[in-house]
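Student: When you get a sec, could you give me coordinates for this:
(one chain, ligands or ions: 1)
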Amino acid sequence: MISKLCGVCAKSEILCEACSKKLEKGELTESEVRIVRFLSSLEEKVRSLKNAKLETAVETPEEILIIAAEGSGSKFVGRGGSVVRLLTKKFGKPVRVFETSEDPRRLLEEILGPNLVTVGKVYSPEGEFVRIRVRKGAPADLARAVAEAVYRGKVEVVPVDNLRRR
Ligand SMILES: [Zn+2]
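Tutor: Purely as a prediction, here's the structure:
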């Protein structure tokens with residue numbers, strides 16, 4: 001399995017220096033590490049996971065989101081949903097699997113639903129970044145993690161009061 005966690009760390013209990021740095025910088029989260037390690041432990045049983053590519057995994061209090069690279073989505077679902085079932089059993093939450101697509105906005109819409117208000121590029125002296133406006137009360141961490149995965153870069157999440165803007 002290919003993920004942000006290196007192959008060695010995916011199979012061990014400790015983190016190498018490079019992966020620790022990613023964790024410090026927030027490029028990787030603790031829950032993502034746990035999810036990647038669990039998925040790696042399934043590789044012997046579920047062989048298709050061996051060449052599956054994970055963009056990111058996000059855990060919220062309610063659910064787990066698996067964002068697969070294009071072409072890997074079905075591998076994380078597993079035959080008849082077997083991988084999703086094992087994940088649900090392990091982490092005790094429902095699991096949704098998505099694939100990054102050519103159209104990142106569509107993926108965001110799919111995941112965030114009506115919580116997504118607008119998506120736009122911002123050009124600043126420090127470079128360009130993506131600004132996502134979400135409804136106030138929407139899970140901002142989820143929005144950020146998903147947006148960073150699909151846009152592969154700096155993302156700003158701004159909660160807005162939807163009603164007042166009209
Ligand atoms: Zn590592």
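Student: does I35 really touch L65, like I thought?
Tutor: No - using CB atoms under 8 Å, I35 is not in contact with L65; the gap is 9.8 Å. (Glycine included, C-beta is placed from N, CA and C.)
Student: Between these two, point out the one with more neighbours.
Tutor: Using other CB atoms under 10 Å as the criterion, I35 and L65 rank with I35 on top: 25 against 20.
Student: From V130, how far out is the more buried one?
Tutor: Separation of I35 from V130 (CB to CB, to the nearest Å) stands at 24 Å.
Student: Repeat that for R105.
Tutor: Distance, R105 to V130, using CB to CB: 10 Å.
Student: Identify the contacts common to those two.
Tutor: Common neighbours of R105 and V130, counting by CB atoms under 8 Å, 6 or more residues apart in numbering, are V119.
Student: who's more crowded, the two?
Tutor: Using other CB under 10 Å as the criterion, R105 and V130 rank with V130 on top: 21 against 16.
Student: so how far is the ion from that one?
Tutor: The spacing between V130 and the ion, counted by CB to the ion, to the nearest Å, is 28 Å.
Student: any common contacting residues for I35 and L65?
Tutor: Contacts common to I35 and L65, judged by CB under 8 Å, 6+ apart, are A57, E59.
Student: OK, contacts around C16?
Tutor: C6, V8, C9.
Student: ok, and which of those reach the ion?
Tutor: Among these, the residues within reach of the ion (CB under 5 Å from the ion) are C6, C9.
Student: Which among the contacts of C16 count as buried?
Tutor: Neighbour counting by 16 or more other CB atoms under 10 Å classes C9 among those as buried.
Student: Mark which of the contacts of C16 are part of helices, please.
Tutor: In helices, judged by DSSP state H, the following of these are found: V8, C9.
Student: Other residues contacting the lowest-mean-pLDDT helix or strand in the chain?
Tutor: Sorting the helices and strands of the chain by mean pLDDT, DSSP states H and E puts helix 140-151 at the bottom, at a mean of 80. Here helix 140-151 makes contact (CB under 8 Å, 6+ apart) with 29, 55-56, 58, 60, 65, 67, 100, 104, 107-108, 111-112, 115-116, 119, 130, 132, 134, 154-155, 157, 159.
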